[in-house]
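Undergrad: Whatever this is, show me its structure:
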Amino acid sequence: MLLKSLRIGTFGPVLLVAGCSFASESLWPSFGFGDDDDVAQAAPAAMSTPAATPELTPTPPPQLGQTIFAPQAVTQATATGTFVGQKVAQHRAELVSLQGLIVQRNQQLQKSRQQTTEDAQRYHGTIAAIKARLQVGTTPGNPVLTSQWQAAQQELDRLSADVSQLNSLANGVASDSAMAAYLLEAARATYGLAGAIDEDHRQLAILEDETNRTVVLIDRLLNELSEDISRQTSYIGSERRNLNVIGLAIQNGEILGNSLFNRAFANAAPVGAAGVATPAAAAGLPAGQQPLVVIRFDRPNVQYQQPLYNAISTALERRPQATFDLVTVAATGVTGAEAALNVSRAKQNADYVVRALSDMGLPADRLRLSSTSSADVATNEVRIYVR
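TA: Numbering: from 1, shown residues only. As a prediction, the model looks like this:
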């Protein structure tokens, strides 16, 4: 749609475009989108300007651990011929076997890290290509971008499979940790056996130290694995939400941005769930509060997704803990049948907006729904207020 005017007001710009309007509130810039009558009601335009392109903020993949877990070799010793010496030799052989497992775990870890890095590079390369094409503009539902989006989804699935491999590896290391703890206790208990000579206890002390170092190494391996898994799981969840928003952008043929979910929870504690509300005044909105967004469904296929995303994104930047009230306003119409038809259409329009917000990543518990009718509106509207 064509931009008609720009007004610089006290708290920010008011953009006026056909189909959708953003009214002023003291906390945020207001973006107004309406028909020609709306333009006439606004202050005189200062200048004309193109709509701002959303800023792209790609999320880099998390840094994986870099440690190489190589156990120190077990010290070999000459058999003493005593019963205690035999027990020491048995513990030593068990420690050598355990360290062999750790070497294998380390090899698996380094291989998995390399695979994860390669998968992440392919994923981000595909996403960069999609965003670059959306940045310059494209046709809605471009089949080339759709194919690339599907490829990105498959690559993200590979990253999920990489996390599953790390989880399996962590389970194996946890078993190794239990075995190492048992060997350490067994070595310490051997001190209490009768019939030992000084050489037995000397070898046993060396073995205890080496077993203890192995325990520490396994604990470090387990901790680093846990951190990698946690970071990767969070990252993949975030990217899945961003991928949903990119899918919506491909449908519309224009860039949106990162998921609103990721922005909403970047610097804020979770907000309690909210239920379905009554009309705006009953929902506790301040009297006379201006809506952040007004979408007027005065024609088929109103293109509101981009300005809607920009407004909600800006609100969350200013107040990350913000919640939103979506109020459906149906025109009363001339006859009762007309009014009933408008209520049905208004509900359908609200469903479209709610679905769009969900695709953009806005958490469900940040949105409250209500509906009303009004003789003051000429066409059905969806209004969004900020709490």
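
Undergrad: tell me the domain ranges of this structure?
TA: Domain ranges of the chain: 5-55+259-386, 83-252, per automatic domain parsing.

Undergrad: Indicate which one of these is closest to F69.
TA: Evaluated over those, closeness to F69 peaks at domain 83-252, with 4.4 Å, by C-beta to C-beta. (Each C-beta comes from the backbone N, C-alpha and C, glycine too.)

Undergrad: how close does the residue lying closest to A330 once chain neighbours are set aside sit to A356?
TA: Of all residues beyond its chain neighbours, the one nearest A330 is A346 (3.9 Å), with distances taken as C-beta to C-beta, 6 or more residues apart in numbering. Using C-beta to C-beta, to the nearest Å, one obtains 16 Å as the distance from A346 to A356.

Undergrad: So for those two, which sits in the more crowded spot?
TA: Regarding A346 and A356, a neighbour count based on other C-beta atoms under 10 Å identifies A346 as having more, with 23 against 19.

Undergrad: so what pLDDT did that one get?
TA: In this prediction, A346 carries a pLDDT score of 84.

Undergrad: Show me what the helix or strand in which it is found is packed against.
TA: A346 is located in helix 336-359, with elements delineated by DSSP states H and E. Helix 336-359 makes packing contacts with helix 198-252, helix 305-318, strand 324-331, strand 367-374, strand 381-386 when contacts are defined by 3 or more C-beta pairs under 8 Å, 6 or more residues apart in numbering; DSSP states H and E.

Undergrad: Give me the most central residue, the chain.
TA: Compute the mean C-alpha point of the chain, and by C-alpha atoms, centre = their mean the closest residue is S238, 1.9 Å away.

Undergrad: Quick check: that residue vs N171, distance?
TA: Separation of S238 from N171 (C-beta to C-beta): 25 Å.

Undergrad: just Q66 next, same as before
TA: Q66 is 22 Å from N171, where distance means C-beta to C-beta.

Undergrad: For the stretch 1-150 of the chain, which residues score under the pLDDT cut-off?
TA: The stretch 1-150 of the chain contains residues with pLDDT under 70 at 1-59.

Undergrad: Ignore what I typed, I meant the stretch 201-350 of the chain.
TA: Using pLDDT under 70, the flagged stretches of the stretch 201-350 of the chain are 256-288, 333-334.

Undergrad: at 80 instead, please
TA: When residues are selected by pLDDT under 80, those of the stretch 201-350 of the chain lie in 252, 254-289, 333-340, 344.

Undergrad: picking up where we left off before, make TSV out of the domains of the chain and add distance to P62.
TA: Conversion of the domains of the chain to TSV gives the following (distance: least, C-beta to C-beta, whole Å):
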stretch	distance to P62
domain 5-55+259-386	14
domain 83-252	4
